[in-house]
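**Q** Mind folding the following:
(chains A and B)
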Number of protein chains: 2
Amino acid sequence: MSKPIVLYSHATGPNPWKVAIVLEELKIPYTSKFIDFADLKKPPFEKVNINGRVPAIEDPNTGITLSESGAIIEYLQETYDKNNTLNYTSSPEKYLVKQWLHFQMSGQGPYFGQAVWFTKFHSEMIKSAQDRYLNEIKRVLSVLDRHLEGKQYLVGDKATIADLAFVTWDTMIGRIFGERGNEINIEKDYPNYYAWDQRITARPAVKKIIADRQAAMASAKH
Amino acid sequence: MSKPIVLYSHATGPNPWKVAIVLEELKIPYTSKFIDFADLKKPPFEKVNINGRVPAIEDPNTGITLSESGAIIEYLQETYDKNNTLNYTSSPEKYLVKQWLHFQMSGQGPYFGQAVWFTKFHSEMIKSAQDRYLNEIKRVLSVLDRHLEGKQYLVGDKATIADLAFVTWDTMIGRIFGERGNEINIEKDYPNYYAWDQRITARPAVKKIIADRQAAMASAKH
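**A** The predicted structure follows:
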C-alpha cells in the first residue's frame, strides 16, 4: 500500500473518529477531509455517500468508496490487518465480534445519538423523551458491564474492532448527561465496563485519536 | 447439517423475522421459540442474549449462540450458503453488501422503531417527536429510491442479505403512519424503492415468512 486513504469526517460527529481509531491502530496512511453538516446532504458529497452522512472513505489502492462506519472498519481490518491483530478468523469468535459490532451500530450509536438530540437540539425540551434515552444509555452500560464480568475484552483475549467501536460514543456520556450528571456514576455502577473503557482508551492509537478529535472540535469553534 | 437451528423470536418484533427470511431462503431447518416481551430481560433468556432482545439463535451443528440480526444473517450466509447465492465473495461488492446491511441495522431499524414508539407507546403523544421519526422514514426511503434508480438490487445483479434485511421493517410503514397515512405515497414518491420492494416481497421465501408472521401476530392476539 502506498497511497493514503481519504477519510470523510466531521469534528464533532463520533462515527468518523471510530474509523480513525482503526486506521491509526493498523498504521494505515490516511488524510481527513472535514465536511460541514450543511454540505453533507448536497452534491458533491452525495456522490460519495448517497445517504449524506460521514464517515465515508475512498481507498485509491483498491478503488473502493464505502460508507457506514461498521462496514468501513470491517473492510479495513480484512484488507490491511493481515495478521488479524484486531479480529479472529475462526468461529465462534469471528461471529461474536460481529454480534458486538452490530450491537454498537444498532444499539449504542443510534440511542446515544437520540439522547444527544433530545437533550441539546430538539425544538422543545421534553423530559419524557430525554428520560427514555438517558435510561437507554444506562441499560447499554449495564449490558456491557454484565458481559465484561471476569473479562478483559468483549470477545476472547484481545481488543478487536468491536471493542474499539464503542469508544467514540462512550467518551460523550458525561456531556450527554450534562446537568443531570448526578444521575449516573459509571465507575461505581458499572465497574467492569469502567475498567474495560480505561483499558481501551489507554491504547496509544485511541489516545491519539481522542486528542485529535478534541483539537478538531476546538478549532471548529473558532 | 442435520439438526434444526433454534430461532428465538417474537410475533410482532420485526428483527427475528429478518433472520427467518434468510433461514427460509437458504432452506436451513429451524424451529422458532417465541419469547414474551416480559421474559426477554430475565434469566433464563439473558443466558442466551445478555442484551435481552430477540432474535438470537442456537445452532447445535456448530455450537454457536449468537444474537443481533445483522450478525446472525452474516453467520448463516457464510456458514450455509456455500454457493454464495445471497452474497459476493470479492471486493467491492462484499463490502457494499456490508455497507447496506449496516445502514439497515443502524439507519432503518432503530429509526423506524422510534417512530413506532412515539406514535403508539410513549407516555405522552408528542407531535414534534413523531414528526422527527416519520420524516426520517421518508428520508430513508428517499436514500434507497435514489440509489435504486436504474438498478434491480442494492448491490450488483442479485438479491443479497442486504436487500432481504429491509423487508420486515418496510412492511410496517403503513401501520406506523396510521392516521397520518395521507402524508406518504410510496408508489408515487419513491417509485424505484417501490418496484424493488415488490421484487423482494414476491420471492417465495419472503412471501412465506410474511404470511407466517401475520399468522403469529393473529394468534398472539387471542
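**Q** Off-centre distance for the lowest-mean-pLDDT helix or strand in chain A?
**A** Within chain A, no helix or strand scores below helix A:37-40, which has a mean of 93 by mean pLDDT, DSSP states H and E. Helix A:37-40 has its C-alpha centroid displaced from the chain centroid by 20 Å (CA atoms, centre = their mean, to the nearest Å).
**Q** cool, and stretch A:63-81?
**A** Offset of stretch A:63-81 from its chain centre (CA atoms, centre = their mean): 14 Å.
**Q** Show me where chain A has its strands.
**A** Ranges of strands in chain A, per DSSP state E, are A:5-9, A:30-34, A:56-59, A:64-67.
**Q** circling back to that earlier point, near chain B at all, the least confident helix or strand of chain A?
**A** No: between helix A:37-40 and chain B, judged by CB under 8 Å from any CB of the partner chain, nothing touches; the nearest distance is 12.2 Å. All C-beta spots, glycine's among them, are computed from the backbone N, C-alpha and C.
**Q** tilt between the biggest helix by length in chain A and helix B:127-147?
**A** Counting residues, the longest helix in chain A under DSSP state H turns out to be helix A:127-147. Helix A:127-147 and helix B:127-147 are oriented at 70 degrees to each other (axes from the mean of the first three to the mean of the last three CA atoms, to 10 degrees).
**Q** in helix A:127-147, what's buried?
**A** A:129-130, A:132-134, A:136-138, A:140-145, A:147 (16 or more other CB atoms under 10 Å in any protein chain shown).
**Q** hmm, back to that, okay, the least confident helix or strand of chain A in CSV with CA atoms only?
**A** C-alpha atoms of helix A:37-40 as CSV (Å, rounded to 0.1, in the frame of the first residue of the first chain):
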residue,chain,number,x,y,z
PHE,A,37,-23.0,19.4,8.2
ALA,A,38,-24.6,21.8,5.7
ASP,A,39,-22.8,20.1,2.8
LEU,A,40,-23.4,16.5,3.7
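**Q** Not counting its own residues, what contacts it?
**A** A:10, A:45, A:52, A:53, A:54 (CB atoms under 8 Å, 6 or more residues apart in numbering or on different chains).
**Q** Now do the fourth one: how many residues are near it, please.
**A** Under the neighbour criterion other CB atoms under 10 Å in any protein chain shown, residue A:53 is assigned a count of 23.
**Q** how's chain A carved up into domains?
**A** Chain A breaks down into these domains under automatic domain parsing: A:5-85, A:93-206.
**Q** Please compute how far the last one lies from its chain's middle.
**A** Okay, so that is domain A:93-206. 10 Å.
**Q** check whether that domain contacts chain B.
**A** Yes: legend: contact between domain A:93-206 and chain B by CB under 8 Å from any CB is shown at A:95-96, A:98-103, A:105-107, A:109-111, A:114, A:117-118, A:122-124, A:126, A:128-129, A:132, A:143, A:146-147.
**Q** ok, of those residues, which come out buried?
**A** A:95-96, A:98-103, A:105-107, A:109-111, A:114, A:118, A:122, A:126, A:129, A:132, A:143, A:147.
**Q** Now the residue of chain A most remote from its centre: closest residue in space that isn't a chain neighbour?
**A** Most distant from the centre of chain A: residue A:124, at 27.6 Å, with distances by CA atoms, centre = their mean. Sequence neighbours aside, residue B:128 is the residue nearest to residue A:124 in space, at 5.8 Å (criterion: CB to CB, 6 or more residues apart in numbering or on different chains).
**Q** Would you check that the one you found makes contact with residue A:121?
**A** No: taking contacts as CB atoms under 8 Å, residue B:128 lies outside contact range of residue A:121: 11.6 Å.
**Q** what's residue A:99 in contact with, if anything?
**A** A:162, B:66, B:67, B:68, B:71.
**Q** Which of those residues has the largest number of neighbours?
**A** Counting neighbours by other CB under 10 Å, residue B:68 leads those with 29 neighbours.
**Q** and it, what does it touch?
**A** Residue B:68 is in contact with A:98, A:99, A:100, A:102, A:103, A:106, B:105, counting by CB under 8 Å, 6+ apart.
**Q** Residue A:125 now?
**A** Residue A:125 sits next to residue A:118 when contact means CB under 8 Å, 6+ apart.
**Q** Report pLDDT for residue A:220.
**A** The per-residue pLDDT reported for residue A:220 equals 83.
**Q** Could you check how far residue A:194 is from chain B?
**A** According to CB to the nearest CB, to the nearest Å, residue A:194 stands 18 Å off from chain B.
**Q** you'd agree that residue is up against residue A:184?
**A** No: contact between residue A:194 and residue A:184 fails when scored by CB under 8 Å: they sit 11.4 Å apart.
**Q** about what we covered before: so which of the strands of chain A gets nearest residue A:218?
**A** Residue A:218 lies closest, by CB to CB, to one member of the strands of chain A: strand A:30-34, at 13.2 Å.
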